[in-house]
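>>> sequence and predicted structure below; questions after.
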Amino acid sequence: MSYLTIYKAGSRPAQRANPDYFTGTVWLEPVIDAPGPARISAAKVIFEPGARTNWHTHPYGQTLQVLTGAGYVQVEGQERLDILPGDTVWIPPHVKHWHGARADSVMIHLALQEKEGGSAAEWLEPVSDAQYKAG
């Protein structure tokens, strides 16, 4: 009996992200969607220039690790912040936010979050072009 699961590189290719939850072109490359009782899910997220998430929250918060490119993250009611390679962002539970690439750059980040009731996020309305550009 094996206690490990190994996903070989390239065995789970990136897939286009659900356009109901993203603006622009975004690709998701799965890292882990652990079986219960574990709750962790993680993905490498590739944002083409100007692409972004909708506003959303996470039941247990979210950690973002920027791998390459340049992007933004914003909490509702606060100013938009720049994020760059090597930056790690912690978003607390139930905090409404969005993240994505700058208009002139691809951005790739690792997104880690925990699921509650099978869901890791509550997806809300899109980030308007005006909100995105407002900075």
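It's in.
>>> in the sheet, who's paired with Trp27?
Bridge pairing for Trp27 (DSSP bridges) gives the partners Arg16, Ile46.
>>> typed the wrong thing, it's Ile32
Going by DSSP bridges, Ile32 forms beta bridges with Ala42.
>>> poorly predicted segments of the protein, please.
Counting by pLDDT under 70, the chain shows low-confidence ranges at 1-2.
>>> what about the residue lying closest to Val75 once chain neighbours are set aside, neighbour count?
Leaving aside its sequence neighbours, Val75 sits nearest to His97 (CB to CB, 6 or more residues apart in numbering; 4.8 Å). For every residue, glycine as well, the C-beta is placed using N, CA and C. His97: 21 surrounding residues under other CB atoms under 10 Å.
>>> can you tell me the element the residue most central in space within the chain falls in?
Nearest residue to the geometric centre of the chain (CA atoms, centre = their mean): Ala111, 4.8 Å. Secondary structure assignment for Ala111, by DSSP states H and E: strand 107-114.
>>> next secondary structure element downstream of that strand?
For strand 107-114, the succeeding helix or strand toward the C-terminus, using DSSP H and E, is strand 122-123.
>>> beta partners for the closest residue to Arg80 other than its chain neighbours?
Nearest residue to Arg80, sequence neighbours excluded (CB to CB, 6+ apart): Gln74, at 4.2 Å. Counting by DSSP bridges, Gln74 is bridged to Trp98.
>>> verify the stated contact: Gln74 with Trp98.
Yes. Contact criterion CB atoms under 8 Å: Gln74 and Trp98 qualify, at 5.7 Å.
>>> if we can go back for a sec, can you count the residues close to the residue nearest to Arg80?
21.
>>> what do you get for the one 3 residues further on?
Taking other CB under 10 Å as the neighbour definition, Gly77 ends up with a count of 6.
>>> so who does it touch?
Contact partners of Gly77, counting by CB atoms under 8 Å, 6 or more residues apart in numbering, are absent.
>>> confirm it sits in a strand?
No. Per DSSP: H, G, I helix; E, B strand; the rest coil, Gly77 lies outside any strand segment and is coil.
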